[in-house]
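Chemist: Just the structure for this:
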Amino acid sequence: MKTIIRNTFLLALFIFSMNVFGQTAPEAMNYQGVARDASGNSLASQAISIRASVLTGSSTGPVVYEETHNVTTNQFGLFALEIGRGTPVSGTFAGIDWTTVNQWLEIEMDPTGGTSYTQIGVNELLSVPYAKYAENPGPQGPAGPTGPAGATGATGAVGPQGPTGAAGATGATGAQGPIGLTGATGPAGPQGPIGLTGATGPQGPAGTTGATGATGATGPAGAVGATGPAGATGATGAAGPAGPAGAGMNNMQVFTANGTFTVPAGITTVIVEVIGGGGGGASGASGGAARGCGGMGGGYGKSILTVVPSAVHNVTIGAGGLGAPGGPCSLGSTGGTSSFGTPILIQSTGGQGGNGCGSNINRNGGTSTGQLSMTGGKGPDAQTVGRHYGGLSGNGSTLGQGGIGDSEFFGRDGSDGIVIVYW
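Modeler: The predicted structure follows:
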């Protein structure tokens, strides 16, 4: 297949996030991207220079901060920046007001590593799941056992006893009953039979009980004894076991080729983003009588998934559709499907190839099974002679973008999809 390279370059943005400490303004922003040439080929292992500017209020607002970076891409054309920690050109990162108006990020690149920058794009800075998930800390571990109680302090001295009240007067003794009459003594003579016992005289009535004396007044309370010294503090109990780790998302793995993902120990929830491959561009006919349209963008999906620690999941990356090889009204091919999971838990299909005869009205972008699903964009209709760029992927990224259509030459291949896993 022929390749035509022009002196222009593309930068494919796929993720950036803010590092926030406490409740202060962010100190820096993580930014990652893929550098590509005009044909969609990644600039692998190449030294490039980036100029990042923060615009306030709108995409054309004034520059409140600007810095530069010199980086080298990896074998996939991927590079990473920490915006706020580059070489300052104007303003300060700490001086950016994040509270009153929206801020926009402008990225410019010189693919030769020099200072001849070309604008790549301007994007509004928005929130990311990482920050949302970081608002929910993990549960608190159980409290450690209570330490032993300190020794009891000495008992204070007893206060003096109040005086005893006076005893009540003793009641009068009742009168004794009368003694019965004594029988007459018989004359002494021979002992006769024992005489009968005289009857017992009646008992006198009981005397009345004397009145109870009045209770004496209560004596005054004794003074309170001094407080004994405090007991020694008991030893501190052993610390309870640490609670489980919080559910914030602190890690990310990016797949640009087929592979596998092993769930780390202790992880039961992941967030997965999936983009399908872009459709190939179409070709027209010599002389521009029929115009080739750009390919359709791949679908975009995102899901929160429940997983099992140590489980292994397959990752498939949908390849970009092939551009039309030339000839009148030739269509580009459909992009491949990207997926995650064994069995598949989320997938996004590729976009259809561009129409070679003037209109993409019946061509469709990719779709997704994700909880959040966005259909890939359509390539614009080929209404003029020349190149016609493909539609962006469902989330507006150039990853999974449709290939370029051409009026007189062959169409270009669509961009490959991507899978990103957060945990």
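
Chemist: all helices of the chain, in order?
Modeler: 129-133 (DSSP state H).

Chemist: Give me the distance between the residue lying closest to Gly299 once chain neighbours are set aside and Ser39.
Modeler: Setting aside the residues directly before and after it, Gly299 is nearest to Gly366 in space (Cβ to Cβ, 6 or more residues apart in numbering), at 3.1 Å. Glycine gets a C-beta too; all of them are placed from N, C-alpha and C. Per Cβ to Cβ, to the nearest Å, Gly366 is found 21 Å from Ser39.

Chemist: what's the weakest-modelled helix or strand in the protein?
Modeler: Least confident helix or strand, the chain: helix 129-133 with a mean of 37, by mean pLDDT, DSSP states H and E.

Chemist: In contact with the closest residue to Ser90 other than its chain neighbours, which residues?
Modeler: Using Cβ to Cβ, 6+ apart and skipping residues adjacent in sequence, the residue nearest Ser90 is Glu66, 4.8 Å away. Glu66 sits next to Arg51, Ala52, Ser53, Val54, Pro88, Val89, Ser90, Gly91 when contact means Cβ atoms under 8 Å, 6 or more residues apart in numbering.

Chemist: Does the fourth one have any beta-bridge partners, and if so which?
Modeler: According to DSSP bridges, Tyr65, Leu105 are recorded as the beta-bridge partners of Val54.

Chemist: what about it, neighbour count?
Modeler: When neighbours are counted by other Cβ atoms under 10 Å, Val54 registers 23.

Chemist: Show the pLDDT at Asn70.
Modeler: You'll see Asn70 listed with a pLDDT of 96.

Chemist: What's opposite the residue lying closest to it once chain neighbours are set aside in the beta bridge?
Modeler: Nearest residue to Asn70, sequence neighbours excluded (Cβ to Cβ, 6+ apart): Ser49, at 5.2 Å. Assessed by DSSP bridges, Ser49 has beta-bridge partners Asn70, Asp110.

Chemist: Could you pull up the residues touching Ser49?
Modeler: By Cβ under 8 Å, 6+ apart, the contact set of Ser49 is Thr68, His69, Asn70, Val71, Met109, Asp110, Thr112, Gly113, Gly114, Thr115, Tyr117.

Chemist: Recalculate using a threshold of 10 Å.
Modeler: 68-71, 108-117 (Cβ atoms under 10 Å, 6 or more residues apart in numbering).

Chemist: Also Gly323?
Modeler: By Cβ under 10 Å, 6+ apart, the neighbours of Gly323 are 1-2, 39-40, 279-283, 292, 294-295, 330-333, 353-354, 390, 402-406, 409-414.

Chemist: let's go with 7 Å and repeat that
Modeler: Contact partners of Gly323, counting by Cβ atoms under 7 Å, 6 or more residues apart in numbering, are Gly280, Gly281, Gly332, Gly403, Phe410, Gly411, Arg412, Asp413.

Chemist: Show me where the stretch 151-300 of the chain has its strands.
Modeler: Using DSSP state E, counting those that start in this stretch, the strands of the stretch 151-300 of the chain run over residues 252-255, 259-262, 269-275, 300-306.

Chemist: one step back: in strands only, show me the contacts of Gly323.
Modeler: Among the contacts of Gly323, no residue falls in strands (DSSP state E).
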